[in-house]
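**Student:** coordinates for the following, if possible.
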Amino acid sequence: MQELFLNRYKKWPKHEIFSKTYLPPETPFFIRLDGWKFRKLSEIIKAEKPFDKKFAKCLVSSGRILFKKGFSPALVYVASDELNILFLNAAPFRRRVEKIDSMPASLVSSAFTLYLQKYLVARWKINENWKLPLFTSKDGVKLIKQILEWTRQKRKK
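**Tutor:** Next comes the predicted model:
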């Protein structure tokens, strides 16, 4: 019975419109992971204002996981509730855009949840109202060329 149920999904790959979309070889790019509903999360865990060192430690540790798991970014920098990840030469997933856009967000979301439990467990009580912290790949993959062009256009105004 279960096998018949799973057979319905054999046609899914043809509906994955970005499955064959790749970044050009040797093209540097950024991924921007944005914390989803982090203002609410900060209230729930009673984060210290204006800057909570333990919360920041969770963000930094979550970014480090990308290096540890072999994604090979050139740089990960944290600003507020977002992680900006720069890839120069090496790119994960054979440069497939849909994977590059989704997998780092999933990994960082999971890591951040675990680090919250590790560093802020006293402030973060898990109950029926508990919400998982999530990161979204907000703007998708941005090529360095696109970012530089946007910056150039802004300067002209």
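
**Student:** which other helices and strands does the helix of greatest length in the chain contact?
**Tutor:** For the chain, the longest helix by residue count, based on DSSP state H, is helix 97-120. Counting contacts by 3 or more CB pairs under 8 Å, 6 or more residues apart in numbering; DSSP states H and E, helix 97-120 is packed against strand 29-36, helix 53-68, strand 134-143. To be clear about C-beta, it is placed using only N, CA and C from the backbone, and glycine gets the same treatment.

**Student:** okay, the ones you listed in a markdown table with mean neighbour count, mean pLDDT and distance to Ala47 next?
**Tutor:** Formatted as a markdown table, the helices and strands packed on helix 97-120 follow (neighbours: other CB atoms under 10 Å; pLDDT from 0 to 100; distance: least, CB to CB, whole Å):
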| stretch | mean neighbour count | mean pLDDT | distance to Ala47 |
| --- | --- | --- | --- |
| strand 29-36 | 21 | 90 | 12 |
| helix 53-68 | 17 | 94 | 5 |
| strand 134-143 | 17 | 71 | 17 |
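
**Student:** turn these into JSON lines, columns for distance to Ala74.
**Tutor:** Listed next are the helices and strands packed on helix 97-120 as JSON lines, based on distance: least, CB to CB, whole Å:
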{"stretch": "strand 29-36", "distance to Ala74": "10"}
{"stretch": "helix 53-68", "distance to Ala74": "10"}
{"stretch": "strand 134-143", "distance to Ala74": "14"}
